[in-house]
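3D model of this:
(chains A and B)
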Amino acid sequence: DVKVTQSSRYLVKRTGEKVFLECVQDMDHENMFWYRQDPGLGLRLIYFSYDVKMKEKGDIPEGYSVSREKKERFSLILESASTNQTSMYLCASRVINYGYTFGSGTRLTVV
Amino acid sequence: AQRVTQPEKLLSVFKGAPVELKCNYSYSGSPELFWYVQYSRQRLQLLLRHISRESIKGFTADLNKGETSFHLKKPFAQEEDSAMYYCALSGYGGSQGNLIFGKGTKLSVKP
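Have a look, this model is predicted:
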(Lines give C-alpha, C1' and ligand atoms only; values in the text may rest on other atoms or scores of the structure.)
Protein backbone atom coordinates (compact mmCIF):
# COMPACT_ATOMS: atom_id res chain seq x y z
CA ASP A 1 0.00 0.00 0.00
CA VAL A 2 1.13 3.48 -0.84
CA LYS A 3 1.61 5.57 2.23
CA VAL A 4 1.27 9.30 2.29
CA THR A 5 2.22 10.64 5.69
CA GLN A 6 1.51 14.12 6.96
CA SER A 7 3.68 14.99 9.91
CA SER A 8 1.06 16.65 12.08
CA ARG A 9 -2.58 15.77 12.62
CA TYR A 10 -3.40 19.00 14.47
CA LEU A 11 -1.59 22.33 14.56
CA VAL A 12 -2.39 25.60 16.30
CA LYS A 13 -0.42 28.64 15.16
CA ARG A 14 -0.57 32.36 15.76
CA THR A 15 -1.39 34.97 13.16
CA GLY A 16 1.75 36.05 11.35
CA GLU A 17 3.74 32.90 12.06
CA LYS A 18 5.50 31.01 9.30
CA VAL A 19 4.03 27.54 9.14
CA PHE A 20 5.44 24.40 7.54
CA LEU A 21 3.25 21.43 6.69
CA GLU A 22 5.18 18.32 5.74
CA CYS A 23 4.15 15.43 3.52
CA VAL A 24 6.11 12.30 2.68
CA GLN A 25 5.20 9.47 0.31
CA ASP A 26 6.97 6.15 0.13
CA MET A 27 6.24 4.90 -3.39
CA ASP A 28 8.50 7.01 -5.57
CA HIS A 29 5.55 8.90 -7.07
CA GLU A 30 6.50 11.84 -9.21
CA ASN A 31 3.28 13.80 -8.73
CA MET A 32 2.32 15.37 -5.43
CA PHE A 33 -0.43 17.80 -4.48
CA TRP A 34 -1.65 20.02 -1.68
CA TYR A 35 -5.36 20.68 -1.20
CA ARG A 36 -7.35 22.45 1.42
CA GLN A 37 -10.70 21.04 2.46
CA ASP A 38 -13.42 23.32 3.78
CA PRO A 39 -17.09 22.52 4.53
CA GLY A 40 -19.30 23.49 1.63
CA LEU A 41 -16.31 24.22 -0.62
CA GLY A 42 -14.94 20.74 -1.16
CA LEU A 43 -11.27 20.28 -2.00
CA ARG A 44 -9.38 23.09 -3.66
CA LEU A 45 -5.95 22.68 -5.17
CA ILE A 46 -3.27 24.93 -3.71
CA TYR A 47 -0.07 23.74 -5.41
CA PHE A 48 1.21 20.68 -7.19
CA SER A 49 4.52 19.28 -8.29
CA TYR A 50 5.42 16.88 -11.06
CA ASP A 51 9.05 16.44 -10.13
CA VAL A 52 11.82 17.48 -7.77
CA LYS A 53 12.27 21.25 -7.60
CA MET A 54 9.27 21.70 -9.85
CA LYS A 55 6.07 23.41 -8.69
CA GLU A 56 2.92 24.74 -10.26
CA LYS A 57 0.18 26.93 -8.85
CA GLY A 58 -3.23 25.44 -8.35
CA ASP A 59 -6.51 27.29 -7.98
CA ILE A 60 -5.83 29.08 -4.68
CA PRO A 61 -2.05 29.62 -4.28
CA GLU A 62 -2.23 33.05 -2.65
CA GLY A 63 -0.58 33.11 0.75
CA TYR A 64 1.13 29.76 0.20
CA SER A 65 4.37 28.45 -1.22
CA VAL A 66 5.81 24.96 -1.59
CA SER A 67 9.12 23.17 -1.59
CA ARG A 68 10.12 19.89 -3.19
CA GLU A 69 13.80 19.23 -2.63
CA LYS A 70 13.43 15.46 -2.62
CA LYS A 71 11.07 13.30 -4.59
CA GLU A 72 9.38 11.82 -1.55
CA ARG A 73 8.77 15.08 0.32
CA PHE A 74 6.46 17.97 -0.55
CA SER A 75 6.17 20.80 1.92
CA LEU A 76 3.49 23.48 2.09
CA ILE A 77 4.55 26.81 3.57
CA LEU A 78 2.31 29.52 4.92
CA GLU A 79 4.55 32.56 4.80
CA SER A 80 2.51 34.57 7.31
CA ALA A 81 -0.42 32.64 8.68
CA SER A 82 -3.80 34.31 8.77
CA THR A 83 -7.08 33.26 10.35
CA ASN A 84 -8.65 32.61 6.93
CA GLN A 85 -6.08 29.86 6.45
CA THR A 86 -7.65 27.85 9.24
CA SER A 87 -8.58 24.66 7.43
CA MET A 88 -7.92 20.97 6.84
CA TYR A 89 -4.92 20.48 4.56
CA LEU A 90 -4.62 17.32 2.51
CA CYS A 91 -1.55 16.05 0.73
CA ALA A 92 -1.80 13.51 -2.09
CA SER A 93 0.45 11.66 -4.46
CA ARG A 94 -0.40 10.01 -7.72
CA VAL A 95 0.71 7.39 -10.17
CA ILE A 96 0.15 8.54 -13.73
CA ASN A 97 -3.26 7.48 -15.07
CA TYR A 98 -4.40 6.25 -11.68
CA GLY A 99 -6.20 7.75 -8.75
CA TYR A 100 -4.69 9.75 -5.95
CA THR A 101 -3.58 8.49 -2.54
CA PHE A 102 -4.29 10.97 0.22
CA GLY A 103 -2.67 11.58 3.56
CA SER A 104 -4.75 11.71 6.72
CA GLY A 105 -4.74 15.50 6.76
CA THR A 106 -3.49 18.29 8.99
CA ARG A 107 -6.09 20.38 10.74
CA LEU A 108 -4.56 23.83 11.10
CA THR A 109 -6.05 26.46 13.37
CA VAL A 110 -4.67 29.98 13.16
CA VAL A 111 -5.50 32.13 16.18
CA ALA B 1 -14.57 25.59 -17.91
CA GLN B 2 -13.90 22.39 -16.06
CA ARG B 3 -16.36 21.91 -13.24
CA VAL B 4 -17.91 19.23 -11.08
CA THR B 5 -21.31 19.88 -9.53
CA GLN B 6 -22.81 17.94 -6.66
CA PRO B 7 -26.19 19.58 -6.14
CA GLU B 8 -26.91 18.10 -2.71
CA LYS B 9 -24.90 19.12 0.33
CA LEU B 10 -26.71 16.60 2.50
CA LEU B 11 -28.64 13.47 1.66
CA SER B 12 -30.47 11.59 4.38
CA VAL B 13 -32.02 8.14 3.82
CA PHE B 14 -33.18 5.24 5.94
CA LYS B 15 -31.31 1.96 6.13
CA GLY B 16 -32.36 -0.34 3.30
CA ALA B 17 -33.55 2.48 1.06
CA PRO B 18 -31.98 3.13 -2.33
CA VAL B 19 -29.53 5.98 -2.53
CA GLU B 20 -28.37 8.11 -5.44
CA LEU B 21 -25.72 10.80 -5.09
CA LYS B 22 -25.78 13.12 -8.06
CA CYS B 23 -22.77 14.39 -9.95
CA ASN B 24 -22.70 16.48 -13.11
CA TYR B 25 -19.61 17.69 -14.85
CA SER B 26 -18.45 20.16 -17.43
CA TYR B 27 -15.35 19.33 -19.45
CA SER B 28 -14.29 19.93 -23.04
CA GLY B 29 -13.11 16.46 -23.90
CA SER B 30 -13.36 12.98 -22.44
CA PRO B 31 -12.54 13.11 -18.76
CA GLU B 32 -12.00 10.34 -16.33
CA LEU B 33 -14.51 10.34 -13.48
CA PHE B 34 -14.01 9.22 -9.89
CA TRP B 35 -15.91 8.92 -6.66
CA TYR B 36 -14.00 9.42 -3.41
CA VAL B 37 -15.32 8.74 0.07
CA GLN B 38 -14.28 10.04 3.47
CA TYR B 39 -15.59 8.23 6.54
CA SER B 40 -15.55 10.00 9.88
CA ARG B 41 -11.99 10.63 11.05
CA GLN B 42 -10.51 8.70 8.14
CA ARG B 43 -8.56 9.76 5.11
CA LEU B 44 -10.10 10.40 1.74
CA GLN B 45 -10.05 7.22 -0.32
CA LEU B 46 -10.93 6.19 -3.83
CA LEU B 47 -14.30 4.45 -4.04
CA LEU B 48 -14.50 3.80 -7.74
CA ARG B 49 -13.48 5.11 -11.16
CA HIS B 50 -15.57 4.94 -14.27
CA ILE B 51 -13.08 3.16 -16.49
CA SER B 52 -12.87 0.18 -14.17
CA ARG B 53 -16.66 -0.29 -14.27
CA GLU B 54 -16.59 -2.19 -11.01
CA SER B 55 -18.87 -2.24 -7.99
CA ILE B 56 -17.33 -1.36 -4.65
CA LYS B 57 -19.23 -1.87 -1.39
CA GLY B 58 -22.38 -2.26 -3.47
CA PHE B 59 -21.98 1.15 -5.12
CA THR B 60 -22.02 1.62 -8.87
CA ALA B 61 -21.73 4.66 -11.09
CA ASP B 62 -22.37 4.94 -14.79
CA LEU B 63 -20.90 7.64 -16.94
CA ASN B 64 -23.61 9.27 -19.06
CA LYS B 65 -21.81 11.41 -21.62
CA GLY B 66 -25.04 12.76 -23.07
CA GLU B 67 -26.18 14.14 -19.74
CA THR B 68 -22.59 14.71 -18.52
CA SER B 69 -23.42 12.88 -15.32
CA PHE B 70 -21.76 10.29 -13.12
CA HIS B 71 -24.29 9.54 -10.41
CA LEU B 72 -23.40 7.14 -7.60
CA LYS B 73 -26.02 4.55 -6.72
CA LYS B 74 -26.63 1.82 -4.20
CA PRO B 75 -29.85 -0.21 -4.07
CA PHE B 76 -29.90 -0.73 -0.30
CA ALA B 77 -28.13 1.78 1.94
CA GLN B 78 -26.34 0.61 5.10
CA GLU B 79 -25.55 2.67 8.19
CA GLU B 80 -21.83 2.23 7.55
CA ASP B 81 -22.29 4.07 4.24
CA SER B 82 -22.68 7.31 6.18
CA ALA B 83 -19.80 9.47 5.01
CA MET B 84 -18.77 12.41 2.86
CA TYR B 85 -18.73 11.63 -0.87
CA TYR B 86 -16.84 13.60 -3.48
CA CYS B 87 -17.15 13.32 -7.22
CA ALA B 88 -14.03 14.26 -9.17
CA LEU B 89 -12.77 14.42 -12.72
CA SER B 90 -9.45 14.57 -14.46
CA GLY B 91 -8.32 14.96 -18.01
CA TYR B 92 -5.25 13.36 -19.49
CA GLY B 93 -1.68 14.58 -19.54
CA GLY B 94 0.14 17.31 -17.64
CA SER B 95 -1.97 19.61 -15.52
CA GLN B 96 -5.03 18.27 -17.31
CA GLY B 97 -4.53 15.16 -15.23
CA ASN B 98 -5.13 17.04 -11.99
CA LEU B 99 -8.25 16.11 -10.08
CA ILE B 100 -11.07 18.63 -9.90
CA PHE B 101 -13.46 17.94 -7.04
CA GLY B 102 -17.08 18.74 -6.45
CA LYS B 103 -18.09 20.30 -3.15
CA GLY B 104 -19.19 16.99 -1.71
CA THR B 105 -22.38 15.39 -0.46
CA LYS B 106 -22.76 14.20 3.08
CA LEU B 107 -24.71 10.96 3.17
CA SER B 108 -26.49 10.11 6.39
CA VAL B 109 -28.09 6.67 6.67
CA LYS B 110 -30.55 6.44 9.54
CA PRO B 111 -31.39 3.17 11.30
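
pLDDT score for residue 83?
By default, I'm working from chain A. Residue A:83 carries a pLDDT value of 97.

that's the wrong chain, I wanted chain B
At residue B:83, pLDDT is 97.

Output the lowest mean pLDDT helix or strand found in chain A.
The weakest-scoring helix or strand in chain A, judged by mean pLDDT, DSSP states H and E, is strand A:100-102 (a mean of 89).

Next one: residue A:71 relative to chain B, how far apart?
18 Å (C-beta to the nearest C-beta, to the nearest Å). In this view, the C-beta of every residue, glycine as well, is placed from N, C-alpha and C.

surely that residue meets residue A:52?
Yes - here residue A:71 lies in contact with residue A:52, judged by C-beta atoms under 8 Å, at a distance of 5.3 Å.

still on that earlier bit, so does the least confident helix or strand of chain A get close to chain B?
Yes - Strand A:100-102 reaches chain B (C-beta under 8 Å from any C-beta of the partner chain) through A:100, A:102.

What lies in contact with that strand?
For strand A:100-102, contacts defined as C-beta atoms under 8 Å, 6 or more residues apart in numbering or on different chains pick out A:2-4, A:25, A:27, A:29, A:33, A:90-94, B:43-46, B:99.

show me what contacts residue 4?
All of this is about chain A. A:23-25, A:91-93, A:101-103.

wrong chain, I was asking about chain B
With C-beta under 8 Å, 6+ apart, residue B:4 has these contacts: B:23-26, B:87-89, B:100-102.

Keep only those of those residues that are in strands.
Those of the contacts of residue B:4 mapping onto strands are B:24-26, B:87-89, B:100-101, per DSSP state E.

quick one on the thing from earlier: more crowded one of residue A:71 and residue A:52?
The residue with more neighbours, out of residue A:71 and residue A:52, is residue A:71; 16 against 13, by other C-beta atoms under 10 Å in any protein chain shown.

Contact partners for the more buried one?
Counting by C-beta under 8 Å, 6+ apart, residue A:71 has contacts A:28-30, A:51-52.

of those residues, buried ones?
residue A:29 (16 or more other C-beta atoms under 10 Å in any protein chain shown).

Distance to chain B and secondary structure added to the contacts of residue A:71, as TSV?
What follows is the contacts of residue A:71, written out as TSV (distance: C-beta to the nearest C-beta, whole Å; DSSP: H, G, I helix; E, B strand; the rest coil):
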residue	distance to chain B	secondary structure
A:28	18	coil
A:29	13	coil
A:30	11	coil
A:51	12	coil
A:52	17	coil
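
Would you mind putting the contacts of residue A:71 into a markdown table with pLDDT alongside?
Below are the contacts of residue A:71 laid out as a markdown table (pLDDT from 0 to 100):
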| residue | pLDDT |
| --- | --- |
| A:28 | 84 |
| A:29 | 85 |
| A:30 | 85 |
| A:51 | 88 |
| A:52 | 91 |
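
which one of the contacts of residue A:71 is nearest residue B:61?
Nearest to residue B:61, judged by C-beta to C-beta, of the contacts of residue A:71 is residue A:29 at 25.5 Å.

That closest one against residue A:94, yeah?
Yes - with contact defined as C-beta under 8 Å, residue A:29 reaches residue A:94; the gap is 6.1 Å.

could you list every residue that touches the closest residue to residue A:16 other than its chain neighbours?
Nearest residue to residue A:16, sequence neighbours excluded (C-beta to C-beta, 6 or more residues apart in numbering or on different chains): residue A:80, at 5.3 Å. Listed by C-beta under 8 Å, 6+ apart, the contact partners of residue A:80 are A:16-18, A:63.
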